[in-house]
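Asker: Just need the structure, nothing else, for what follows:
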Amino acid sequence: MVNIEPTGIAAIGIDARLIGAQIVNFLIVFVVIKFLAVKPIVSFLAERRKRISDSIKNAQAIEDAKRKLEEKTEELLKKARGQAAAIVSETKAEMSGLRSQTEQELKVEHEQALTQAKQEIAQESARSLEEGKKHLSYLAIKLAQRITEVKLSPTKDDALIAKLLKEAK
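Answerer: Numbers count the residues shown, from 1 in each chain. Reported below is the predicted structural model:
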C-alpha cells in the first residue's frame with residue numbers, strides 16, 4: 001500500500017472543508033443576529049434619540065422665551081424708571097407699587113412656564129424610558145422565541161414581560 005503524505009494546509013492538520021463550513025455557519029448566524037436583533041434595537045435607539053433631541057429643542061425654546069421675557073421685563077423696568085424720574089415724588093411712590101406688581105406677575109408667569117416645561121420634560125423622559133423598556137423586553141422575548149423555536153402562550157408572554165420590567169426597574 002502506498003502511503004500518501006498530505007500536502008499544503010492538510011499537512012498541519014487543517015481541513016479546508018471544515019473551515020468552509022465554519023465560515024458559512026458564521027455568516028448565517030451573523031445575518032440572523034443582524035436582522036433580528038441589531039436593526040430593531042438601532043431603529044429604536046434612533047427614535048429615542050430623536051425624541052430626546054426634540055425635548056432638548058423644546059427646552060431651548062422655553063429658555064429662549066424666558067430670556068425674551070426677561071429682556072421685556074428689563075425694557076419695561078427701564079421705561080418705568082424713565083417715567084418715574086419725570087414724575088413728581090407722589091407719583092414715584094405710585095409707580096413703584098405698580099412696577100413691583102408687574103415684576104411679581106412676570107415672575108409668577110416665568111415660574112409657571114418653567115415649572116410646566118420641567119414637568120413636560122420629566123413626563124416625556126419617563127414615557128420614553130417606559131416605552132424603551134417595553135420594546136426591549138418584547139425584542140428579547142422575540143429573539144429568545146426564534147432562537148429556541150418555542151412559542152410561549154399569551155399569558156406566559158405577559159407574565160414574562162411583567163417580570164422583565166420589574167427586574168429592569
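Asker: Which strands or helices does the helix or strand hosting residue 113 pack on?
Answerer: Assessed by DSSP states H and E, residue 113 sits inside helix 89-148. When contacts are defined as 3 or more C-beta pairs under 8 Å, 6 or more residues apart in numbering; DSSP states H and E, helix 89-148 sits against helix 39-86, helix 154-168. C-beta coordinates here come from the backbone N, C-alpha and C atoms, glycine included.
Asker: could you dump those to a markdown table with distance to residue 28, mean pLDDT and mean neighbour count?
Answerer: Shown next, in a markdown table, are those (distance: least, C-beta to C-beta, whole Å; pLDDT from 0 to 100; neighbours: other C-beta atoms under 10 Å):
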| stretch | distance to residue 28 | mean pLDDT | mean neighbour count |
| --- | --- | --- | --- |
| helix 39-86 | 16 | 90 | 12 |
| helix 154-168 | 27 | 74 | 12 |
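Asker: With distance to residue 93 added, can I get these in CSV?
Answerer: Output for these, formatted as CSV (distance: least, C-beta to C-beta, whole Å):
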stretch, distance to residue 93
helix 39-86, 10
helix 154-168, 62
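Asker: measure residue 55 to residue 112 for me?
Answerer: Noted for residue 55: a distance of 19 Å to residue 112, by C-beta to C-beta, to the nearest Å.
Asker: With residue 27 instead?
Answerer: Residue 27 is 59 Å from residue 112, where distance means C-beta to C-beta.
Asker: Repeat that for residue 4.
Answerer: 91 Å.
Asker: One more: residue 76?
Answerer: Distance from residue 76 to residue 112, by C-beta to C-beta: 18 Å.
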